[in-house]
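> Sequence below, structure please.
(chains A and B)
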Amino acid sequence: MKWQAKEIDVYLQAKEYVDTAIIPLIPISWGDDIKSTVQMGEFITFISDELERQFKGRVFQFPPYTYLKSEKPEERLLKMNELHEHLKSNGFYHIIYLTSDVDWKQIEAELNDTLLWVPSIPLEHLDEKYRMETLSNQIKQMIPILTNKWQNNERESN
Amino acid sequence: MSEKDHKVSRRQFLNYSLTGVGGFMAAGITLPLVRFALDPALKVGEDTEMVAVAQVNELTNEPKRFDFKVNQVDAWYESEVSRSAWIYEEEGEIIALSPVCTHLGCTVDWDTSDDQPNRFFCPCHYGAFEKDGTNVDRTPPTQPLFLYDHEVRNGTVYLGRPRPQV
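Model prediction:
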């Protein structure tokens, strides 16, 4: 489901079916690496839109979480853990962060949730058909990660 | 005839005709403007046009997934939306099903669950549908998958909008 008021109406009706939050982590910087930073953001936005389309009924797609690329890992962790606490205590069982920013890899172990790191592919020069193909190949690899998570979790609770 | 016999004086007559003509001119300019401004809002719910999605010779008896884009116009805002369809051919008939699960809108896949062989399967809450789209009992969905309007021109399959199969 999307971050839209009318989707919230659906969510409130079907709360028990929606247990996964998808949060794109998108860096901001305006220095020399401006183009690659923008590429990361654009790519992750595509990926998160596609995942939302695939799993509309079980995931909630959050607006991108943006941060300064120069922000220190400790500070990032602090904020993510606050977000984690808040979402966990309000009905989300799985929280999934999507990012192309490799810095998150270093603190992955300390995050309480799943980090999906996808290296960004420059898509802006590809034509429409090829772009869709590239994206859907990426998505295909990510689908089992989510479905396995759900299955394991259901096995535990049974 | 003297001036007094007239019910309308010369001055009044000129006034009337000037306001009349001026009014028409003003209306002639502003009405099309208003019309242009409102036009997109007046055309609501227009059918999406048919989009070329697949070639007939690509189709088999086994449902195959095709991705395509449609232009969605929402009053002034125009956007491209990704859609997919599961298309197969059975006894000369082409069937194009929408992959949107009728439960909560996830995308269903063909024959991916060991528990539901040769059925459409939704990974979110394990909904299942038969090959013709009928929902399987005791799974969450309560109505069949939607069916796309379709037509075939020169060996190409064109799809329109998905409609409920009831």
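> Tell me how far residue B:126 lies from chain A.
Using C-beta to the nearest C-beta, to the nearest Å, residue B:126 is found at 9 Å from chain A. (C-beta placed from N, C-alpha, C; glycine too.)
> name the element the nearest residue to that residue once chain neighbours are set aside belongs to?
Of all residues not flanking residue B:126 in the chain, residue B:139 sits nearest, at 6.2 Å (C-beta to C-beta, 6 or more residues apart in numbering or on different chains). Element membership for residue B:139, per DSSP states H and E: none, as it lies in no helix or strand.
> got the contact list for residue B:139?
If a contact means C-beta atoms under 8 Å, 6 or more residues apart in numbering or on different chains, then residue B:139 has B:126-128 as its contacts.
> As TSV, the residues you listed with distance to residue A:156, pLDDT and secondary structure would be great.
Shown next, in TSV, are the contacts of residue B:139 (distance: C-beta to C-beta, whole Å; pLDDT from 0 to 100; DSSP: H, G, I helix; E, B strand; the rest coil):
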residue	distance to residue A:156	pLDDT	secondary structure
B:126	16	91	coil
B:127	22	92	coil
B:128	23	93	strand
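> what's around residue B:78, how many residues?
When counting by other C-beta atoms under 10 Å in any protein chain shown, one arrives at 10 neighbours for residue B:78.
> what do you get for residue A:81?
14.
> how near is it to residue A:100?
Distance of residue A:81 to residue A:100, given as C-beta to C-beta, to the nearest Å: 22 Å.
> One more: residue B:119?
Relative to residue A:100, and taking C-beta to C-beta, residue B:119 is found at 36 Å.
> what sits opposite residue 94 in the beta ladder?
Chain wasn't specified; assuming chain A. residue A:20 (DSSP bridges).
> should've been chain B
Residues in beta-bridge contact with residue B:94 (DSSP bridges): residue B:89.
> Lowest-scoring secondary structure element of chain B by mean pLDDT?
strand B:64-74 (a mean of 84; mean pLDDT, DSSP states H and E).
> ok, now which ones touch the closest residue to residue B:69 other than its chain neighbours?
Leaving out its chain neighbours, the residue that sits closest to residue B:69 by C-beta to C-beta, 6+ apart is residue B:80, at 4.9 Å. By C-beta under 8 Å, 6+ apart, the contact set of residue B:80 is B:69-72.
> isn't there a strand covering residue B:80?
Yes. Secondary structure of residue B:80 (DSSP: H, G, I helix; E, B strand; the rest coil): part of a strand.
> any low-confidence regions in the chain?
Looking at chain A here, since you left the chain open. By pLDDT under 70, the low-scoring segments of chain A are A:157-158.
> was after chain B, sorry
Filtered on pLDDT under 70, chain B yields the residue ranges B:1-6, B:40-48.
> how near is the residue of it found nearest chain A to residue A:150?
Closest contact between chain B and chain A, by C-beta to the nearest C-beta, is at residue B:104 (2.6 Å). Remark: distance between residue B:104 and residue A:150 (C-beta to C-beta) = 14 Å.
> if we can go back for a sec, quick one: list the elements packing against the least confident helix or strand of chain B.
Using 3 or more C-beta pairs under 8 Å, 6 or more residues apart in numbering or on different chains; DSSP states H and E, the elements in contact with strand B:64-74 are helix A:128-157, strand B:51-55, strand B:77-90.
> Ok, which of those comes nearest residue A:13?
helix A:128-157 (20.6 Å; C-beta to C-beta).
> Which of residue B:119 and residue A:100 has more residues huddled nearby?
Remark: of residue B:119 and residue A:100, residue A:100 carries more neighbours, 23 against 19, as counted by other C-beta under 10 Å.
> my guess is that one meets residue A:117, correct?
Yes. Judged on C-beta atoms under 8 Å, residue A:100 makes contact with residue A:117 at a distance of 7.2 Å.
> residues in chain A within reach of chain B, list them.
A:10, A:14, A:17-18, A:50, A:53-58, A:128, A:132, A:136, A:143, A:146-147, A:150 (C-beta under 8 Å from any C-beta of the partner chain).
> Can you name the residues of chain B sitting close to chain A?
So chain B meets chain A at B:67, B:69, B:82, B:100-101, B:103-107, B:122-125, B:140 (C-beta under 8 Å from any C-beta).
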